[in-house]
Each structure stands twice: as structure tokens, then as C-alpha cells.
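K.L.:
output the structure for:
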Amino acid sequence: MLVNKGNTHITADVKFYDGEPNIGQLIGAIFNVSIGANGHAFPSIRWDTKEVYGEHELWAEISNISPKDYSLEYETFRSILISNASEKPELYLSQEDISFSTQNPQVGEEITIYAVIHNLGNTSAKAFVDFYDGKNLTNLIGTTKVFVDVKDIAVASVTWNAVNKGKHFITVKVRDCFPSEKTEENNKNSNVLQVGGNSKPSLVITLGLSNIAPFEENTERTIPINIFCYQQAVKNIHLVILENNGLEVTVVTPDFTLYPGQKKEYLINIKVPTLENNKKIESKAVLVQAVGDAGAVWSNTEQIDILIHEPGLYFIFNVALILTGIGSLLAFLFVVLTETGKYKFFSMLSLLIPSFVRVKKDKILDTSAREEIFEYITKNPGCHYSEIMHALGMKNGVLSYHLYVLEKEGLIFSHREGLKYRLFYPIGTESRNIVSRMTKLQKSILGAIKKNPGITQKELVKIFGKRQQTISYNIKILKRMGKIRMVKEGRIRRYYSDEDRRE
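P.N.:
Sure, this is the predicted structure:
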């Protein structure tokens, strides 16, 4: 559509291309298209798409506008998908295809909701995926777009802050599929998410210190995944691969039953291909989830980042830096200046380069050192990395190695507090009882929210004279700590102390 917002009659030439102008194929052209003052025009051509199945970008090139230098509004290109009329996609999702990064999030905690979309049809498709809180499809959480190839799957996801305590029916609906489907009967489903409450989920899976697994190209090996059972026994537990990203992923461990307090190491085998196009490194994500009791119990969803790299020991140092999350000089500063950086860096060095820790082999193999660390964390839940190192007089490599073993074995867990600190807790510590270290500004913001229930972020910016980004960041930290909650009133977000409500 061409739009003329001026008071002068104009003309223009329009050329249509399959692909970018002067690169793609010219489909047709219309000359001297007439557009009246404050009017519009719909130039169109016919295109034989009999032998051009697949995805295409159609471009319109506007030229020879008269009068010259006259302003004209138009859309330059649009992406379309052309399919054989006899071929149709068939999208569907089941209840089991809807999963959550955390099964029992606290009120205000940010989680990721995943939906696996299957295509059983005989042609590829594009579609929109809507996520709702509730079965009546009125409270929209978010929308995303997916492309699903023939006989394949695609994973759609949105992030969500659960603001209301209780049971939520998270509903996912696939709509506006192109080309049109054979049937839309299987395009909607729901799964239950429990928000708040003091109980732990029945099943929890963890990947240990890091979710990054380095692989030399064209190799295969097994990856261990720990599954913990809480509350009640869960039968026939098996691992579901939600997304393999083109890798060969095979479940090795058969189904099993776990009882409260038990854990089991579950193995999956991953085979990676040879790197293409002279690449030195490539990352592919694998999504996994544990399911038991014939689909009645689901665990959290974990993502394994498979880091495929070229052969050579020299690459280990690059991997160690990449595992910190940042590269080059920033990675070095991250390792030197932050506890999370030190923890990940020295732990990975101890695993990737065994000689790194054999300098003090007698101490590394001395389990009493590990027991000493565990006892200290048990007596001081929420203690940070440097605090443990100084209190017990241990070296970086030794402490990181033992912390990694304790976390991998499920005796402790850790999380990053701000940019600098990493805090450690014994397993079993309830999230609402975690004593998080608040900065002076965070304490002041919490005090202002307690004093002024329903205060807005804009009002907090005015009170403290800080930038909006600074206040927003610290509000997110307080929400993760469970100190405050947010309630939306139209477009306005109001904040309340969650501690007062619990009291």
C-alpha cells in the first residue's frame, strides 16, 4: 500500500522482487501508479507460485516519484511462506509439553514458561504462540512466534513474574498458523503451576556448578543430571528431552522410582557434529525435564549449553573464560573481581586440568577439608565465597573444587548476589528463610516501601534521587529475595512489603 499524506497528486513506478531489489528475481512492475492528494493506492501483480515452495521475502522498490523529492510512505518487504495446496501442517501440544524453569516459584519470582510445539504435517509452518494465566484466555502473559519444520518441534518461551499465590492454570494456545492447518483441535492445552507456599516440588533436577558442557567436535560422551525427590514417592521417573537443537541426544538411564529424600544420577548421551564453515566454537542448547507418575509429576526445566570446540588443549583456557559468562579482558576482570568468577574459573580449571589441583593433592583428597567447608556453611547459611576462604584459610583452587563437589552431590546450593558476591546454603534451607545481604540502598528502598505501601517506582526515584535504572535493578533484587511484591493497576506498578503480609 502506498500512502500520500500530502496535498499534491503524485505518480510513481513500483517493481516487485522475490528477494532484495537488484539481487532477487524481478516478478513484475507497474508504471505511473497514480496517488491522489491525501490518498492511497494498492498496486498489485499476479505471481505464479506453482514451483516456488518455501519461505520468500517479497520486496517492493519505489522509483521515479513525481514530483521529485516528494515524501511517500510504503512497506518495503514482507516475508511469506508458500506451500503446496495439498500439503498442510499439523501443529499440536500436550499438557506434558508445557513446563516451567521452577515448579514452585515464590510470589514475585521471575520464571520461564516453555511450550514444545510439534508439527506432524507434511509442510513447514509459522505460527503465533500465546501464553495465558488461566483457562479462560483473558489474562495474557506474552506472545512469541515459532517456525516448525516438517516432523519436527520448536520451543516457545516467555518470562513471567507470578504475583498471586496459589494454583495457576498456565494455558498455551497456537494460533494464526500459516499455511492453514488440517485441524486446530490440538492447538491448546494447560498445565498447573503452584505459586508460593513453603513446600518444595516433588522433583528437582540440577546440573551442578555450571550448565555449560564443553565438547570437542565430532565426539560423544555422557552428561550426568541429578534428580532429587521431595515430599512423596514418585514412580517411573524418566527424562524428557524438550529440545535437542539438532544434536543426537539419547537417554541412557532407564525409568526408576524415588522416595522422599532420595536422589539419583541420571545419564544422557550427547553426540556432537564436526564444526562447519571454519568455526572454532559453537553453542547449542539442550532442554531437559524429569517426569514421573505417568505424567502427573514434573520437575523444573534445565538448559544444558553444549559448547562445541575445535581440538587442542590450548582451547581449555578459552573455555574456562567462556564459562564465566564473559570473554577476553572482561572475563579476566570478572574472574579477578567477583566471587562467582573465581568459583567458576577455579572449579573448571580443577576439572579440565587435573594437574592444577594436584599441587596440593594431599589436601584435595582429604575429605575432612570438605566436611569442614560443609559444616561452616551449615552453621553460617548465606556465607559468601571470600568469607569461607578466609575463615578456613584455603586456596582458591582447593575451595572451589570442594564447593563444586558439594554442590554437584546436592549437599549445598549457591546463587549470585549482585555482581560481586556468591552465597552458599545447605540443601533444605527454605527460600523465605535465606538471609540475603542487602545493600544500604536496598534497605532504604525496602524501608520506603514499608512506610508507603503501594508506592510506585517513579516515586522511589524521586525520593532517593537515583536513576530509574538503578532503582529498577534494586527492586528486582528485593523481589528475588522475597522482600517485596508488585501489583499492577492498569499500567501502574505498585510495590508492597511481602514481609508485612507474611506477618
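K.L.:
just the helices in the protein please.
P.N.:
Assigned helices in the chain, in chain order: 315-322, 328-337, 339-352, 361-364, 367-379, 385-392, 396-408, 440-451, 457-464, 468-481, 498-502 (criterion: DSSP state H).
K.L.:
would you single out the least confident of these?
P.N.:
For the helices of the chain, the weakest mean pLDDT is recorded on helix 361-364, namely a mean of 39.
K.L.:
how near is residue 203 to residue 400?
P.N.:
Distance of residue 203 to residue 400, computed by CB to CB, to the nearest Å: 28 Å. Quick note: C-beta positions are derived from backbone N, CA and C, even for glycine.
K.L.:
check residue 388 too.
P.N.:
According to CB to CB, residue 388 stands 10 Å off from residue 400.
K.L.:
what does residue 215 give?
P.N.:
Distance, residue 215 to residue 400, using CB to CB: 22 Å.
K.L.:
so those two - more neighbours on which side?
P.N.:
Using other CB atoms under 10 Å, the more surrounded residue of residue 215 and residue 400 is residue 400, with 25 against 20.
K.L.:
lowest-confidence helix or strand of the chain?
P.N.:
helix 361-364 (a mean of 39; mean pLDDT, DSSP states H and E).
K.L.:
do I have it right that residue 232 meets residue 258?
P.N.:
No: contact criterion CB atoms under 8 Å: residue 232 and residue 258 do not qualify, at 9.9 Å.
K.L.:
more neighbours: those two, which one.
P.N.:
Between residue 232 and residue 258, residue 258 has the larger neighbour count (other CB under 10 Å), namely 21 against 11.
K.L.:
who does that one bridge with?
P.N.:
Here residue 258 sits in beta bridges with residue 234, going by DSSP bridges.
K.L.:
give the buried residues for stretch 242-249.
P.N.:
Across stretch 242-249, burial judged by 16 or more other CB atoms under 10 Å covers 242-244, 247, 249.
K.L.:
ok, residue 163 touching residue 493?
P.N.:
No: with contact defined as CB under 8 Å, residue 163 does not count as touching residue 493 (10.0 Å).
K.L.:
identify the contacts common to these two.
P.N.:
Taking CB atoms under 8 Å, 6 or more residues apart in numbering as the criterion, residue 163 and residue 493 both touch 486-487.
K.L.:
which ones among the buried residues of stretch 242-249 map onto strands?
P.N.:
Judged by DSSP state E, strands contain the following of these: 242-243, 249.
K.L.:
can I get these in TSV including distance to residue 173 and pLDDT?
P.N.:
Output for those, formatted as TSV (distance: CB to CB, whole Å; pLDDT from 0 to 100):
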residue	distance to residue 173	pLDDT
242	19	82
243	20	81
249	28	93
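K.L.:
from these, which single one is nearest residue 292?
P.N.:
Among those, residue 242 lies closest to residue 292 (CB to CB), at 15.7 Å.
K.L.:
any idea how far residue 196 is from that closest one?
P.N.:
Relative to residue 196, residue 242 is positioned 25 Å away (CB to CB).
K.L.:
then residue 225?
P.N.:
As for residue 225, its distance to residue 196 is 27 Å (criterion: CB to CB).
K.L.:
quick one: residues contacting the nearest residue to residue 246 once chain neighbours are set aside.
P.N.:
Leaving aside its chain neighbours, residue 246 sits nearest to residue 284 (6.9 Å; criterion: CB to CB, 6 or more residues apart in numbering). Residue 284 makes contact with 245-247, 272, 305-306, 308 under the criterion CB under 8 Å, 6+ apart.
K.L.:
any idea which of those is least confident?
P.N.:
Lowest confidence among those: residue 305, with 80.
K.L.:
pLDDT score for the residue nearest the centre of the chain?
P.N.:
The centre of the chain sits closest to residue 112, judged by CA atoms, centre = their mean, with a distance of 6.2 Å. Residue 112 carries a pLDDT value of 86.
K.L.:
which residues does it contact?
P.N.:
Counted by CB under 8 Å, 6+ apart, residue 112 has contacts 100-101, 157-160, 301.
K.L.:
count of neighbours near the nearest residue to it once chain neighbours are set aside?
P.N.:
Sequence neighbours aside, residue 101 is the residue nearest to residue 112 in space, at 4.1 Å (criterion: CB to CB, 6+ apart). Using other CB under 10 Å, residue 101 has 20 neighbouring residues.
K.L.:
distance of residue 101 relative to residue 299?
P.N.:
From residue 101 across to residue 299, the span is 11 Å (CB to CB).
K.L.:
so, low pLDDT: which residues of the stretch 51-200 of the chain?
P.N.:
51-57, 68-86, 197-200 (pLDDT under 70).
K.L.:
farthest pair within the buried residues of stretch 242-249?
P.N.:
Pairwise distances among the buried residues of stretch 242-249 were taken by CB to CB; the largest, 12.9 Å, belongs to 242 and 247.
K.L.:
tell me how this protein divides into domains.
P.N.:
Domain assignment for the chain by automatic domain parsing gives 2-82, 91-195, 203-311, 331-433, 440-502.
K.L.:
quick one: terminal-to-terminal distance for the second one?
P.N.:
From its first residue to its last, domain 91-195 covers 29 Å (CA to CA, to the nearest Å).
K.L.:
pull the distance from it to the chain's centre.
P.N.:
Chain-centre distance of domain 91-195: 14 Å, with CA atoms, centre = their mean, to the nearest Å.
K.L.:
same deal with the shortest one?
P.N.:
A distance of 25 Å separates the centroid of the chain from that of domain 440-502, by CA atoms, centre = their mean.
K.L.:
cool, the longest one as well?
P.N.:
Here domain 203-311 is found 16 Å from its chain centre; the criterion is CA atoms, centre = their mean.
K.L.:
start to end distance for that domain?
P.N.:
Chord length of domain 203-311, first to last residue, is 37 Å (CA to CA).
K.L.:
returning to that earlier point: quick check, nearest of the buried residues of stretch 242-249 to residue 17?
P.N.:
Closest to residue 17 out of the buried residues of stretch 242-249 is residue 243 (35.3 Å), distances taken as CB to CB.
K.L.:
wait, the closest one touches residue 302, no?
P.N.:
No: with contacts counted by CB under 8 Å, residue 243 stays clear of residue 302, the gap being 11.4 Å.
K.L.:
what touches both of the two?
P.N.:
Contacts common to residue 243 and residue 302, judged by CB under 8 Å, 6+ apart, are residue 287.
K.L.:
residue 221 - how many residues pack around it?
P.N.:
Neighbours around residue 221, by other CB under 10 Å: 12.
K.L.:
quick one: contacts for it?
P.N.:
Shown in contact with residue 221 (CB under 8 Å, 6+ apart): 215, 269-270.
K.L.:
who's the closest residue in space to residue 132 that isn't next to it in sequence bridged to?
P.N.:
Nearest residue to residue 132 in three dimensions, chain neighbours excluded: residue 171, at 4.4 Å (CB to CB, 6+ apart). Note on residue 171: beta-bridge partners by DSSP bridges are residue 132, residue 190.
K.L.:
circling back to that earlier point, pull out the buried members of the contacts of residue 112.
P.N.:
Buried among those (16+ other CB under 10 Å): 100-101, 157-158, 160, 301.
K.L.:
tell me which of the residues you listed is nearest to residue 8?
P.N.:
For the buried ones among the contacts of residue 112, the minimum distance to residue 8 (CB to CB) is 46.7 Å, reached by residue 158.
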